[in-house]
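Peer 1: when you get a sec, could you give me coordinates for this:
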Amino acid sequence: MRIIYIIFFSILPLMLFSQVRTVKDFSPSIDKKILVDTAKAKIASIDLYRVITIDRDTTYVDTSLTIQKEYSHNYLRKDIFGLLPFANDGQTYNTLQYDLVDISPYPEFGFKAKHFNFLEANQIKYYSVATPLTELYFKTTIKKGQSVDAFITLNTSENLNFSIAYKGLRSEGEYINQLSSTGNFRFTTNYNTKNKRYFLKAHYTYQDILNEENGGITTINNFESEDPNYNNRQRFEVFLNDAKSFLKGKRIFVDHNFRLNSKKGSNNIYVTHQFNYENKFFEYNQQTVFSTVGNESVLRFGDSFVDNGINDQTRYNKMYNRAGAIYENTTLGKFLFFVDDFRSNYYYNRILIFDNQNTIPSSFSQQINSAGGQYDYTRNKWNGKFLYSRSITTQSLSNFDAQLKYDWNDQIQLAFQYQNLNKLPNNNYNLYQSSFVQYNWSNNFKNEKINVIKAKALTPWVNAEFQFSVLNDHLYFENTSSNEQKSQRTLILAPKQFNGTINYASIKASREFKFGKFALDNTILYQKTEQSDLILNVPEIVTRNTIYYTTYMFKKALFLQTGVTLNYFSNYYANDYNPVIGEFFVQNEKEIGNHPNFDFFVNAKIQRTRIYFKAEHFNSSLTGNNFYASPNNPSRDFTIRFGLIWNFFN
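Peer 2: So this is what the prediction gives:
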């Protein structure tokens, strides 16, 4: 009952101050002409508040409160089904569902475990709004701190839009040395001429992600024993007491096109150009080289060149240009032909020379030119996109992506996709330097070959997705510690390439059942791998089930949503996390999973304000301490969270 009272008294003040005043509420001294003019004022419809992607897919601003909005009220601001968060906000996520991983044929910076909250160019949204629009997001974090996301967009004219946003987080966490502090600044511009001949989308981002890194707890047995002396998580011994990692990046992005013919007709020709300049920086700091495990001093990451003050820094920049021409025919569709230029530099400030080993260079630079084409077709109920590109320089790189959608009717949609990728390795597989002696390598790995088939069906009865992937020359990180090093709690990693074939298949189905004001929302994922070694490890079953109740209250001034969510995944050899390289690595010694996670939530909507209250993992003290995000990193304990999203339309 105490929780219900807290919720009620938290909501009540907002509800009272959010009521719409009627004419009777105004003082008689107010000029009646003001009321008349206000009544005649035009009200912009919701379809005039558009959200646009770089691919020009358009949706509208949505201020409703649905179960999907409950799932996306989190640090990443999206549904994280298939992702397993670490104990503190702002840390990394373990991946339960393989096909959530985005794959680009171009070589990337690497350090992928640090990029879950790093917004890439294709994730930035652009806007067109009838009146200024503001959104304020807030959520409490783990112990001290807060998570906010403030956003405002406006059109200075019908043709020119600006938006500016900043997402920031600071969360202390429950364990030693676990502070997170992150920031994501975004500025966007969306412009077109009045005659619709020229279109421009541009953005600038500055992002920084700082994490204290404790390397996990050293005494798993103490955690699983449920000893009440360790209910205060600060009492757990961790591997690293003064380590931290830092990722930051800046990007300038421009995408624009111009129609050559003055008036749009049945045949049109456009010239297009896309520019992307980005630099990134990753740093790992560890002041004390030795870790304390019980009464022993341990070199957790092996010998180092320095006695203290580890400070590994990796720098990267890239510049991408794509120029093309589009021929558009109202009957045949749209044909795009393009060439692109990709240049990157990945570098350190030294050259390492080892006895009886290869020299570790200071940099790794690449210049890749490609040519390709894309065909877009939209006709009646069919919508298709077919892309093919291939390098014309010495590097071997190619991408074939065929997508087809069919709208059977208003309620049924079918989609198919086939993709064949010949992908260059990410930079940190081929080169890495560290003050830790055994964390230095220079390689020349082969390209990864990836074939993916996907099918998706949206129907009134069930939404279903199928994927089948064939992976060849798959790259991963492996624990290469010797038996002696493992006995000394030393962890050594190295990049590896699997010479065999990995087959991966998954089926995901979701369906919501409604019974009056009650509803049961279900999502279940089944996935299976076929491989000669345990390289790509995923749980066979991942499920989320939510039973909830919705109703209007206070003469429909408040919409209430409350329920319980179960998250569960079966046992599997989860990848472990290594902070030195900011990556997950394959391990086959400890399984995690088979632990139900229950969340209780109460949400409310008052006009355009959505209020969220959640008791996360409230069963943690009842079902045993066997909940992990990785083999030696426990996942989140019972936590009470409060948050809101507030939209303003002028």
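Peer 1: going by C-alpha atoms from here, please, whenever you check contacts or count neighbours.
Peer 2: Will do.
Peer 1: buried ones in stretch 358-372, by neighbour count?
Peer 2: Across stretch 358-372, burial judged by 16 or more other Cα atoms under 10 Å covers 360, 361, 362, 363, 364, 368, 369, 370, 371, 372.
Peer 1: residues near the residue nearest to the second one when sequence neighbours are not counted, how many?
Peer 2: Leaving aside its sequence neighbours, residue 361 sits nearest to residue 351 (Cα to Cα, 6 or more residues apart in numbering; 5.0 Å). Other residues within reach of residue 351, judged by other Cα atoms under 10 Å, total 11.
Peer 1: residues contacting residue 351?
Peer 2: Counting by Cα atoms under 8 Å, 6 or more residues apart in numbering, residue 351 touches 359, 360, 361, 362.
Peer 1: is it true that the third one touches residue 352?
Peer 2: This means residue 361. Yes - between residue 361 and residue 352 there is a contact at 6.6 Å, judged by Cα atoms under 8 Å.
Peer 1: check which helix or strand covers residue 221.
Peer 2: Element membership of residue 221 [criterion: DSSP states H and E] is helix 220-224.
Peer 1: next, the buried residues of that helix.
Peer 2: 220, 222, 223.
Peer 1: neighbouring contacts of it?
Peer 2: With Cα under 8 Å, 6+ apart as the contact definition, helix 220-224 has outside contacts at 230, 624, 625, 626, 632.
Peer 1: export the buried residues of stretch 358-372 to JSON lines and tack on distance to residue 103 and pLDDT?
Peer 2: Output for the buried residues of stretch 358-372, formatted as JSON lines (distance: Cα to Cα, whole Å; pLDDT from 0 to 100):
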{"residue": "360", "distance to residue 103": "28", "pLDDT": "92"}
{"residue": "361", "distance to residue 103": "27", "pLDDT": "94"}
{"residue": "362", "distance to residue 103": "27", "pLDDT": "94"}
{"residue": "363", "distance to residue 103": "24", "pLDDT": "94"}
{"residue": "364", "distance to residue 103": "21", "pLDDT": "93"}
{"residue": "368", "distance to residue 103": "17", "pLDDT": "96"}
{"residue": "369", "distance to residue 103": "19", "pLDDT": "96"}
{"residue": "370", "distance to residue 103": "17", "pLDDT": "96"}
{"residue": "371", "distance to residue 103": "19", "pLDDT": "97"}
{"residue": "372", "distance to residue 103": "18", "pLDDT": "96"}
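Peer 1: switch the contacts of residue 351 over to JSON lines; also include secondary structure and distance to residue 487.
Peer 2: Below are those laid out as JSON lines (DSSP: H, G, I helix; E, B strand; the rest coil; distance: Cα to Cα, whole Å):
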{"residue": "359", "secondary structure": "coil", "distance to residue 487": "30"}
{"residue": "360", "secondary structure": "strand", "distance to residue 487": "29"}
{"residue": "361", "secondary structure": "coil", "distance to residue 487": "33"}
{"residue": "362", "secondary structure": "coil", "distance to residue 487": "33"}
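Peer 1: all the helices of the stretch 401-550 of the chain, in order from the start?
Peer 2: 427-430, 483-487 (DSSP state H, counting those that start in this stretch).
Peer 1: list the pairing partners of the following helix or strand past the helix holding residue 221 within its sheet, with orientation.
Peer 2: Counting by DSSP H and E, the next helix or strand C-terminal to helix 220-224 is strand 243-259. Here strand 243-259 is paired, per DSSP bridges, with strand 198-213 (antiparallel), strand 267-288 (antiparallel).
Peer 1: next, the buried residues of the shortest one.
Peer 2: It refers to strand 198-213. For strand 198-213, using 16+ other Cα under 10 Å, the buried residues are 198-213.
Peer 1: which residues are in contact with residue 126?
Peer 2: 51, 52, 53, 54, 163, 188, 189, 190, 201.
Peer 1: what residues are up against the nearest residue to residue 527 once chain neighbours are set aside?
Peer 2: Leaving out its chain neighbours, the residue that sits closest to residue 527 by Cα to Cα, 6+ apart is residue 506, at 4.0 Å. Applying Cα under 8 Å, 6+ apart to residue 506 gives the contacts 466, 467, 468, 525, 526, 527, 528.
Peer 1: how does it look with 10 Å?
Peer 2: If a contact means Cα atoms under 10 Å, 6 or more residues apart in numbering, then residue 506 has 97-99, 454, 465-469, 525-529, 540-541 as its contacts.
Peer 1: which one of the residues you listed is nearest residue 47?
Peer 2: Distance to residue 47 across those (Cα to Cα) is lowest for residue 465, with 29.3 Å.
Peer 1: what about the nearest residue to that closest one once chain neighbours are set aside, how many neighbours?
Peer 2: Once flanking residues are discounted, residue 465 sits nearest to residue 456: 4.4 Å by Cα to Cα, 6+ apart. Burial measure for residue 456: 19 neighbouring residues, criterion other Cα under 10 Å.
Peer 1: hmm, residue 456 is touching residue 413, no?
Peer 2: Yes - judged on Cα atoms under 10 Å, residue 456 makes contact with residue 413 at a distance of 8.2 Å.
Peer 1: for the spatially closest residue to residue 481 that is not a sequence neighbour, give me the backbone phi and psi.
Peer 2: Closest residue in space to residue 481, ignoring its immediate chain neighbours: residue 492 at 5.0 Å, by Cα to Cα, 6+ apart. The phi and psi values for residue 492, taken as degrees, to the nearest 10, are phi -120, psi 130.
Peer 1: mind checking how far residue 492 is from residue 483?
Peer 2: In this view, residue 492 and residue 483 are 11 Å apart by Cα to Cα, to the nearest Å.
Peer 1: with residue 232 instead?
Peer 2: Separation of residue 232 from residue 483 (Cα to Cα) stands at 33 Å.
Peer 1: same question, residue 597
Peer 2: 35 Å.
Peer 1: repeat for residue 225
Peer 2: 27 Å.
Peer 1: ok, back up a step: which residues do residue 361 and residue 352 both contact?
Peer 2: With Cα under 10 Å, 6+ apart as the test, residue 361 and residue 352 both reach 433, 441.
Peer 1: quickly list what the residue nearest to residue 465 is bridged to.
Peer 2: Applying DSSP bridges, one finds that residue 456 bridges with residue 415, residue 465.
Peer 1: so who does it touch?
Peer 2: 405, 413-417, 463-467, 507-509.
Peer 1: shouldn't residue 68 be within a helix?
Peer 2: Yes - checked against DSSP: H, G, I helix; E, B strand; the rest coil, residue 68 lies within a helix.
Peer 1: residues touching the closest residue to it other than its chain neighbours, list them.
Peer 2: Closest residue in space to residue 68, ignoring its immediate chain neighbours: residue 79 at 7.3 Å, by Cα to Cα, 6+ apart. By Cα under 10 Å, 6+ apart, the contact set of residue 79 is 68, 69, 70, 71, 72, 73.
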